[in-house]
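Undergrad: I need the structure of the sequence given here:
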Amino acid sequence: MGFLIHGKYNYVYLTFYILSKKYRYSTKIKVNRSEWDLSIQRPKVRRGAAGEENRKITHELNEYQRAFDTLKEKYKESLTKEIVKEKFNIHFHLAQTVKKLTYSDYFEIYIEQKKNSRSVQKDSWQKYTSVFPRVEKLSLFVLFGAEG
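TA: Numbers count the residues shown, from 1 in each chain. Below is the predicted model:
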């Protein structure tokens, strides 16, 4: 297991072996090639702001290594690249979930904006707050044809 910089955008890839087959996983971390130490497969140690950024990257890469070692211990022979990818995406929050907003979400956002706005009086946003449950009840009636 190790790290390498790959591609024209200098992304750091984790390389690992499962059953003697080599795989790569993109960490989505970018490192300037001049800041990369090939012998330790980590960013170079520097002083100042550049050094601080390199230490953060090194810490994150070490976290990838610890997570991979934990997966190897847990799954042993049944470890696959799909398991690695799935667990890493969850652990490192790389899996993006897109939530579709409904009208009620927008209504709640609108009420919050009214509350935070200094140009609107308190009774104005309170009226919206009191109307909101009625609108939801009406939508259930329209959808299901019965009161909820």
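Undergrad: Where is the longest helix in the chain?
TA: Counting by DSSP state H, the longest helix found in the chain is helix 48-75.
Undergrad: chain center to it, what's the gap?
TA: Centre-to-centre, helix 48-75 and its host chain are 16 Å apart (Cα atoms, centre = their mean, to the nearest Å).
Undergrad: Next: stretch 124-142.
TA: Chain-centre distance of stretch 124-142: 34 Å, with Cα atoms, centre = their mean.
Undergrad: Buried residues in it, which are they?
TA: By 16 or more other Cβ atoms under 10 Å, the buried positions in stretch 124-142 come out as Trp125, Tyr128. In this view, the C-beta of every residue, glycine as well, is placed from N, C-alpha and C.
Undergrad: same check, this time on stretch 18-27
TA: Buried, per 16+ other Cβ under 10 Å, within stretch 18-27: Ile18, Tyr25, Thr27.
Undergrad: Give me the distance between the residue positioned nearest the centre of the chain and Lys76.
TA: For the chain, the residue sitting closest to the mean C-alpha position, by Cα atoms, centre = their mean, is His93 at 2.9 Å. With distances taken as Cβ to Cβ, to the nearest Å, His93 is found 26 Å from Lys76.
Undergrad: domain ranges for the protein?
TA: 2-91, 103-144 (automatic domain parsing).
Undergrad: The last one: end-to-end distance?
TA: This stretch, domain 103-144, spans 17 Å end to end (Cα to Cα, to the nearest Å).
Undergrad: So what's the model's average confidence on that domain?
TA: For domain 103-144, the mean pLDDT works out to 77.
Undergrad: Could you export the longest strand belonging to the chain as CSV, CA atoms only?
TA: In the chain, taking DSSP state E as the definition, the longest strand is strand 21-30. Extracted in CSV, the C-alpha atoms of strand 21-30 (Å, rounded to 0.1, in the frame of the first residue of the first chain):
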residue,chain,number,x,y,z
LYS,A,21,-4.0,-7.4,-7.9
LYS,A,22,-3.1,-3.7,-7.8
TYR,A,23,-5.9,-1.1,-7.4
ARG,A,24,-6.0,2.7,-7.1
TYR,A,25,-8.4,4.9,-5.2
SER,A,26,-8.4,8.7,-5.6
THR,A,27,-8.3,10.6,-2.4
LYS,A,28,-9.4,13.8,-4.2
ILE,A,29,-6.4,15.6,-2.6
LYS,A,30,-4.2,17.7,-4.8
